[in-house]
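1. curious how this folds, go ahead:
(chains A and B)
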There are 2 protein chains.
Amino acid sequence: MTENSPARPFLEVLSGCRQPSPPLWMMRQAGRYLPEYREVRARADGFLDLCFTPELAAEVTLQPIRRFSFDAAIIFSDILVIPYALGRAVRFEAGEGPRLDPLDTPAKIEGLNTVADFATLEPVYEALRLVRAELAGEIALIGFCGAPWTVATYMVAGHGTPDQAPARMLAYRHPEAFAKIIDVLVESSIHHLLGQLQAGADAVQLFDTWAGVLSPREFTRWSVEPTRRIVEGVRAKAPGAKIIGFPRGAGALLSDYVDATGVDAVSIDWTAAPSLIRDEIQSKVAVQGNLDPLALIAGGNALDQAVDDVLSSYASGRLIFNLGHGIQPETPIAHVEQMVRRVRDFRG
Amino acid sequence: MTENSPARPFLEVLSGCRQPSPPLWMMRQAGRYLPEYREVRARADGFLDLCFTPELAAEVTLQPIRRFSFDAAIIFSDILVIPYALGRAVRFEAGEGPRLDPLDTPAKIEGLNTVADFATLEPVYEALRLVRAELAGEIALIGFCGAPWTVATYMVAGHGTPDQAPARMLAYRHPEAFAKIIDVLVESSIHHLLGQLQAGADAVQLFDTWAGVLSPREFTRWSVEPTRRIVEGVRAKAPGAKIIGFPRGAGALLSDYVDATGVDAVSIDWTAAPSLIRDEIQSKVAVQGNLDPLALIAGGNALDQAVDDVLSSYASGRLIFNLGHGIQPETPIAHVEQMVRRVRDFRG
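-> Okay, the predicted model is just below:
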């Protein structure tokens, strides 16, 4: 960034500089709550086709920026593109969530490819280049992948489950076999994040959506340690790369995660305890979050109060305003506008 | 308790005295993993009939005590007996979980009975009296109810959901209507817990299974404050009553819960952070938990290690060894025996 570059508040916060008006974006901001997304989605031959068609992926990535002037765009993709590049069958069926062939025995894991076919992911990098070329200079571009634990939970079970029991059980019964899945995902994730950074991403986020179901020992082994290796591996080739971690539901284990992994920021969900976050987390790294997506659906006074709670809890430190989880399809656009106005009007 | 009473390690811990060998019981210890339970269950005309037939409820309550010599029996009942006593239709259908008529609009809530028919619950008290008469003096007897927030989530949605979105949304959109449900449950819970204490319970537990989905503001309003009122209401008529809270998934908000509610102990789930629990919780109250029920299914080294982790994390303070959530039906009995041996052999 040269002296003449426009200010990029999102990156300023990641670099350690609190902004009086916190930068703002939303997890899943390119999504079904937007009619213009649904229109493009209808033109694609399924969800993966949308992810892997650069022009379409770039278009839906840019839509929420045009509509809401967010401070960051996140590339439209999915955490399951890595299992797909590893040769696992990945299907997205309407209304059902993702389906994979379960990888739930040591024998099956023995046959897992150890190197992904990264040519498969080239359209993601091309989409990033297209977005980068279109984005105004002050808007940051975020790449991402799923953290190994969370991606593994889907690979093992073959689908989402309420508590990820299949992966947790495999990890208890066959820790060495499970570690092989994790190791493959660590290496693939490093490669994929570097590819996204080279294609124009200003920062990357690691989504560990299911970190919160693990005991402390398992959290260290399957969430913290793989994330630490990814951060180290990415920075070995891209020194100073900005990395956001999101170990959702980590609760009071978040402090260990921050200390051990070396991330620049953590996303927090809406159940986080403000005193812990301020004292033990925000003193070390930036914090991103954490509006309850249901408050965004509810709107009205409940939304205003929830926005104000986030700001009063965290805006005195390094804060990137966001949701505590992805925006849901039934969210009214007027409520997003209400939230954006309230955050933009804030000066702390 | 006179000087000649046998020692009751479970109550000693609740009263502030650490035991070198932690007392032990399991949430859902009377349940489907036991063949003798399945045999009695088959004789009852449905799940509620089992709860409301004192001889059968007492029998299944005593089964795990006979088999494993646990330090506490918990009366066999259900958190939905209170909605049932409030006149709500409650059905337990095989393999489906509970079903209620949804209470999901202000108009429906307007019609909610404000006083429960406590005669309906008389069989629960009779079951407690039967168990008390059969229990050896050193075994404690626990009564329980669901905490208002958790019971309300089922009453509003009419069934279990992964994130209790229906109740959370109602609470955002119509906080006054939702507060009426909570107020009715607070009063009913006080009455029901007092009934259980009068019938012979030595302690009571408040299960707030869904506390962990709430933002800090909502956690204070819907979990902490109703629990505080229940603790106060019970102790007003039963001074010194021993009360255990279980706000599952409260994470770092647990400290606020302990400070505000006045409970004697908290149950913690397996994802709790040991340093937080030791420094901020166990220094004030007893802790009950927190073996991962999946480790109990897994058995072997994973189970030994998980048991040892609980003991090394918490047995230096006031600990009641338990699971972090209820035992699951597929758990092998041999694994429960392995756990019991390992805990009983421990001296800290």
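2. going forward, measure contacts and count neighbours with C-alpha atoms only.
-> Will do.
3. counting by contacts, list what the longest helix along chain A packs against.
-> Counting by DSSP state H, the longest helix found in chain A is helix A:175-198. In terms of contacts (3 or more C-alpha pairs under 8 Å, 6 or more residues apart in numbering or on different chains; DSSP states H and E), helix A:175-198 is packed against helix A:81-85, helix A:106-110, helix A:122-134, strand A:140-146, helix A:148-157, helix A:165-173, strand A:203-208, helix A:225-237.
4. which one of these lies nearest to chain B?
-> With C-alpha to the nearest C-alpha as the criterion, chain B lies closest to helix A:165-173 of those, at 5.6 Å.
5. contacts for that closest one, please.
-> For helix A:165-173, the surrounding residues in contact (C-alpha atoms under 8 Å, 6 or more residues apart in numbering or on different chains) are A:104-105, A:152-153, A:156-157, A:177-179, A:214, B:294-295, B:298, B:302.
6. cool, stretch A:129-139 as well?
-> So stretch A:129-139 is contacted by A:5-10, A:54-55, A:58-59, A:61-62, A:70-73, A:141, A:199-201 (C-alpha under 8 Å, 6+ apart).
7. repeat for stretch A:193-206
-> A:11, A:124-126, A:128-129, A:132, A:140-147, A:227, A:234, A:237-238, A:241-246.
8. now do the buried residues in it.
-> Going by neighbour count (16 or more other C-alpha atoms under 10 Å in any protein chain shown), the buried part of stretch A:193-206 is A:193-197, A:199-206.
9. and residue A:24, what does it touch?
-> A:10, A:70-72, A:320-322, A:340, A:343.
10. and if we set it to 7 Å?
-> Shown in contact with residue A:24 (C-alpha atoms under 7 Å, 6 or more residues apart in numbering or on different chains): A:70-71, A:320-322.
11. of those, which is the most crowded?
-> Neighbour counts for the contacts of residue A:24 (other C-alpha atoms under 10 Å in any protein chain shown) peak at residue A:320, which has 30 neighbours.
12. who's in contact with whatever helix or strand that residue lives in?
-> Using DSSP states H and E, residue A:320 sits in strand A:319-323. Here strand A:319-323 makes contact (C-alpha under 7 Å, 6+ apart) with A:10, A:13, A:18, A:22-27, A:286-293.
13. tell me the one among the contacts of residue A:24 nearest to chain B.
-> Nearest to chain B among those, with distances taken as C-alpha to the nearest C-alpha, is residue A:322, at 14.7 Å.
14. beta partners of the closest one?
-> Counting by DSSP bridges, residue A:322 is bridged to residue A:290.
15. about what we covered before: please pick the buried ones from the contacts of stretch A:193-206.
-> For the contacts of stretch A:193-206, a burial check counting by 16+ other C-alpha under 10 Å picks out A:11, A:124-126, A:128-129, A:132, A:140-147, A:227, A:234, A:241-246.
16. which bits of chain A sit near chain B?
-> Contacts of chain A with chain B, taken as C-alpha under 7 Å from any C-alpha of the partner chain, map to A:162, A:169, A:172-173, A:212-216, A:251-253, A:270-271, A:273, A:276, A:294-295, A:298, A:302.
17. go ahead and build a PyMOL selection from the buried members of these.
-> What follows is the PyMOL syntax for the buried subset of these, where burial is set by 16+ other C-alpha under 10 Å:
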select buried, chain A and resi 169+172+173+212+213+214+215+216+251+252+253+270+271+273+276+294+295+298+302
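18. rewinding a little: now, which of the contacts of residue A:24 sits nearest residue B:80?
-> Proximity of the contacts of residue A:24 to residue B:80 was ranked by C-alpha to C-alpha; the top entry is residue A:322 with 36.8 Å.
19. from residue B:140, how far off is residue A:210?
-> Separation of residue A:210 from residue B:140 (C-alpha to C-alpha, to the nearest Å): 37 Å.
20. model confidence over stretch A:315-327, on average?
-> If you average the pLDDT over stretch A:315-327, you get 98.
21. first-to-last residue distance for it?
-> Stretch A:315-327: ends 21 Å apart by C-alpha to C-alpha.
22. ok, stretch A:75-87 next?
-> Stretch A:75-87 end-to-end distance (C-alpha to C-alpha) = 22 Å.
23. just the buried residues of that stretch, please?
-> Buried residues in stretch A:75-87 (16+ other C-alpha under 10 Å): A:75-77, A:79-87.
24. of all of the stretch 101-250 of chain A, which residue lies closest to chain B?
-> residue A:215 (4.4 Å).
25. identify the residues contacting that residue.
-> Counting by C-alpha under 7 Å, 6+ apart, residue A:215 has contacts B:270-271.
26. and it, how far from residue B:331?
-> From residue A:215 over to residue B:331 (counting by C-alpha to C-alpha), the distance is 19 Å.
27. next one: residue A:232
-> 40 Å.
28. also residue A:58?
-> Counting by C-alpha to C-alpha - residue A:58 and residue B:331 are separated by 49 Å.
29. more neighbours: which of the two?
-> Neighbours were counted for residue A:58 and for residue B:331 using other C-alpha under 10 Å; residue A:58 has more, 25 against 19.
30. give me the residues contacting the helix or strand hosting the more buried one.
-> Using DSSP H and E, residue A:58 sits within helix A:54-68. For helix A:54-68, contacts defined as C-alpha under 7 Å, 6+ apart pick out A:29-30, A:37, A:40, A:50-51, A:73-76, A:123-124, A:126-128, A:130-131.
31. return the distance of it from the chain's centre.
-> 17 Å (C-alpha atoms, centre = their mean, to the nearest Å).
32. which is the next helix or strand following it?
-> Next element after helix A:54-68 (DSSP H and E): strand A:72-74.
33. quick revisit: apply the buried test to the contacts of strand A:319-323 and list what passes.
-> Buried among the contacts of strand A:319-323 by 16+ other C-alpha under 10 Å: A:10, A:13, A:18, A:22-27, A:286-293.
34. so where is chain A shaky, pLDDT-wise?
-> Scanning chain A with the threshold set as pLDDT under 70 gives A:1-6.
35. residues touching the residue nearest to the spatial centre of chain A, list them.
-> The centroid of chain A falls nearest to residue A:207 when counting by C-alpha atoms, centre = their mean (4.2 Å). With contact set as C-alpha under 7 Å, 6+ apart, residue A:207 has these partners: A:145-147, A:245-247.
36. how about it, nearest residue that isn't a chain neighbour?
-> residue A:146 (4.6 Å; C-alpha to C-alpha, 6 or more residues apart in numbering or on different chains).
37. the one you found and residue A:208 touch, don't they?
-> Yes. Between residue A:146 and residue A:208 there is a contact under C-alpha atoms under 7 Å: 6.1 Å.
38. on that earlier part again, could the helices and strands packed on helix A:175-198 be laid out in TSV, adding distance to residue B:184?
-> Listed next are the helices and strands packed on helix A:175-198 as TSV, based on distance: least, C-alpha to C-alpha, whole Å:
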stretch	distance to residue B:184
helix A:81-85	49
helix A:106-110	52
helix A:122-134	54
strand A:140-146	44
helix A:148-157	40
helix A:165-173	36
strand A:203-208	39
helix A:225-237	47
